[in-house]
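# Take a look and give me a structure for this.
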Amino acid sequence: MDDLLHGEERAVYGDKAYANTGKSQECESQGIEWLVDRKGTKWHPLTQKDKEWNHQQNRTRAKGEHAFLVVKHLWGYRKVINKGLLKNAAQVFSLFALANLYLVRKHLLMTRA
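Down below sits the predicted model:
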């Protein structure tokens with residue numbers, strides 16, 4: 001996870017695979033919001049409050065994941081064809097820009113009327 005952080009974050013989101021008490025304390029001491037899902041164990045199951053917190057965080061993260069759903073499932077883009085890094089990057093950026101437009105298409109049509 002350290003490779004993904006650049007130091008200018010205001011918040012860190014992640015699923016329970018990234019749960020790390022030491023890292024969360026380090027981030028919070030630097031003023032970074034730690035919004036990683038809480039993780040239960042066999043001996044210490046999650047409380048109802050933790051489950052509700054995880055549910056709220058998953059709702060936030062799901063909004064970002066919808067673009068991946070459109071690109072992968074609706075348009076069938078699952079593998080990158082080796083055409084060079086620049087061409088692949090341009091194609092992926094274009095696909096996600098179109099996916100974002102696809103996701104707000106109803107809102108855009110309603111504002112036009």
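
# Please state the offset of the top helix by length along the chain from the chain centre?
With secondary structure taken from DSSP state H, the chain has its longest helix at helix 48-69. Chain-centre distance of helix 48-69: 9 Å, with C-alpha atoms, centre = their mean, to the nearest Å.

# How about residue 18, nearest residue that isn't a chain neighbour?
residue 36 (4.9 Å; C-beta to C-beta, 6 or more residues apart in numbering). For every residue, glycine as well, the C-beta is placed using N, CA and C.

# okay, now that neighbour: neighbour count?
20 (other C-beta atoms under 10 Å).

# Per-residue confidence, it, what does it come out as?
We have a pLDDT of 85 for residue 36.

# returning to what we had before: keeping just the C-alphas, turn the longest helix of the chain into PDB.
Output of helix 48-69 as PDB, limited to C-alpha atoms (Å, rounded to 0.1, in the frame of the first residue of the first chain):
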ATOM      1  CA  GLN A  48     -23.100  -3.600  14.600                       C
ATOM      2  CA  LYS A  49     -21.600  -0.100  14.600                       C
ATOM      3  CA  ASP A  50     -18.600  -1.400  12.600                       C
ATOM      4  CA  LYS A  51     -20.900  -3.200  10.200                       C
ATOM      5  CA  GLU A  52     -22.800  -0.100   9.600                       C
ATOM      6  CA  TRP A  53     -19.600   1.900   9.100                       C
ATOM      7  CA  ASN A  54     -18.300  -0.700   6.500                       C
ATOM      8  CA  HIS A  55     -21.700  -0.500   4.700                       C
ATOM      9  CA  GLN A  56     -21.400   3.300   4.400                       C
ATOM     10  CA  GLN A  57     -17.800   3.100   3.100                       C
ATOM     11  CA  ASN A  58     -18.800   0.400   0.600                       C
ATOM     12  CA  ARG A  59     -21.600   2.700  -0.800                       C
ATOM     13  CA  THR A  60     -19.000   5.400  -1.400                       C
ATOM     14  CA  ARG A  61     -16.500   3.100  -3.000                       C
ATOM     15  CA  ALA A  62     -19.200   1.500  -5.200                       C
ATOM     16  CA  LYS A  63     -19.800   4.700  -7.000                       C
ATOM     17  CA  GLY A  64     -16.200   4.700  -8.200                       C
ATOM     18  CA  GLU A  65     -16.500   1.000  -9.200                       C
ATOM     19  CA  HIS A  66     -19.500   1.500 -11.500                       C
ATOM     20  CA  ALA A  67     -17.300   2.800 -14.300                       C
ATOM     21  CA  PHE A  68     -15.300  -0.400 -14.200                       C
ATOM     22  CA  LEU A  69     -18.600  -2.400 -14.500                       C
END
